[in-house]
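Student: Below is the sequence, then the predicted model.
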Amino acid sequence: MMSSDSILLIESHVSYAQRKAAMMQEPRLIWLTGLSGSGKSTLALRLEHYLFCRGYKVCILDGDNIRNGLCNDLGFSEEDREENLRRVGETAKLMLDAGLIVIAAFISPYEAGRNAIRNKAGLDRFIEVYVNCTIEACVNRDVKGLYARARNGIIPDFTGISAPYEPPTAPDVVVDTVEESIDESLLKIIQFLESKVELVDRVPVMLPQ
Ligand SMILES: Nc1ncnc2c1ncn2[C@@H]1O[C@H](COP(=O)(O)OS(=O)(=O)O)[C@@H](OP(=O)(O)O)[C@H]1O
Ligand SMILES: Nc1ncnc2c1ncn2[C@@H]1O[C@H](COP(=O)(O)OP(=O)(O)O)[C@@H](O)[C@H]1O
């Protein structure tokens, strides 16, 4: 690795304030954390669609997709999860600084890792959503058939089965995907966003569902 004293940072000629003005929005990182099968991707996709249709510049970073590309060299040991989230945090910061609203869906099982991302993003730009779902419900859903394989020992270090998950201690929003419908959980997130960021309708984009 090259030492940082041999790297000179370049500074953009476009300021953050100019970018926000051009994008007509306050960049935010909406971070969804929870067990596999808890509902992170479902809610991320619905939230992105909702915000996009209201004219916001928004995009998703999702564990499954990131692990297929940027982080396809990483596994699920504690160190690899830490590196996965370090890269995601750096990527999210670039996107925030470019003016985007970023929705991130990662198990992100360690409080320390989530706090590192909050600090990287900036405290006022980070919104933590705890997608709360019991392990029993996740196992019953077994959306991808991974829990059955984890319980048989075929997949090691599986969160909730053979690897830890530390629930957030002070999340901004908690959704309970055992008790709530998808619409109810989505509404909770949107209501929190509206209490923090003025969601003004701009040019709406009509998309088929
Ligand atoms: N061992 C193990 N533990 C947990 N998850 C596993 C594992 N192996 C594969 N998968 C699949 O990887 C997805 C989670 O990736 P993440 O990048 O979100 O994980 S982490 O934040 O680094 O912990 C996760 O996606 P979701 O089910 O959408 O959460 C799984 O499909
Ligand atoms: N309130 C809810 N919010 C999100 N998903 C829900 C909810 N209630 C039930 N589900 C279901 O739970 C499953 C969650 O799967 P998924 O979004 O892939 O989870 P994850 O991305 O956390 O692995 C989906 O089948 C979804 O329809």
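Tutor: Yep, it's here. Ligands and ions are numbered 1, 2, ... in the order given.
Student: dump the residue contacts of the residue of the chain found nearest ligand 2.
Tutor: Proximity of the chain to ligand 2 (C-beta to the nearest ligand atom) peaks at residue 39, 2.6 Å away. No exception for glycine: its C-beta is placed from N, CA and C like everyone else's. Neighbour list for residue 39: 131, 133, 175, 177, 182, 185 [criterion: C-beta atoms under 8 Å, 6 or more residues apart in numbering].
Student: Which of those residues fall within helices?
Tutor: Those of the contacts of residue 39 mapping onto helices are 182, 185, per DSSP state H.
Student: Pull out the buried members of the contacts of residue 39.
Tutor: 131, 133, 175, 177, 185 (16 or more other C-beta atoms under 10 Å).
Student: Need the nearest residue in space to the fourth one, chain neighbours excluded.
Tutor: Of all residues not flanking residue 177 in the chain, residue 39 sits nearest, at 4.0 Å (C-beta to C-beta, 6 or more residues apart in numbering).
Student: Look up how far residue 78 lies from that neighbour.
Tutor: Separation of residue 39 from residue 78 (C-beta to C-beta, to the nearest Å): 24 Å.
Student: where does this structure come near ligand 2, residue by residue?
Tutor: Contact residues, the chain versus ligand 2 (C-beta under 6 Å from any ligand atom): 34, 36-43, 105, 141, 143, 177, 180-182, 185.
Student: Mind doing that once more with 8 Å?
Tutor: For the chain, the contact set with ligand 2 under C-beta under 8 Å from any ligand atom comprises 32, 34-45, 62-64, 105, 107, 131, 133, 138, 141, 143-144, 175-178, 180-186.
Student: Tell me who's in contact with residue 46.
Tutor: Residue 46 neighbours (C-beta under 8 Å, 6+ apart): 182, 186.
Student: what's the distance between it and residue 67?
Tutor: Using C-beta to C-beta, one gets 22 Å for the distance from residue 46 to residue 67.
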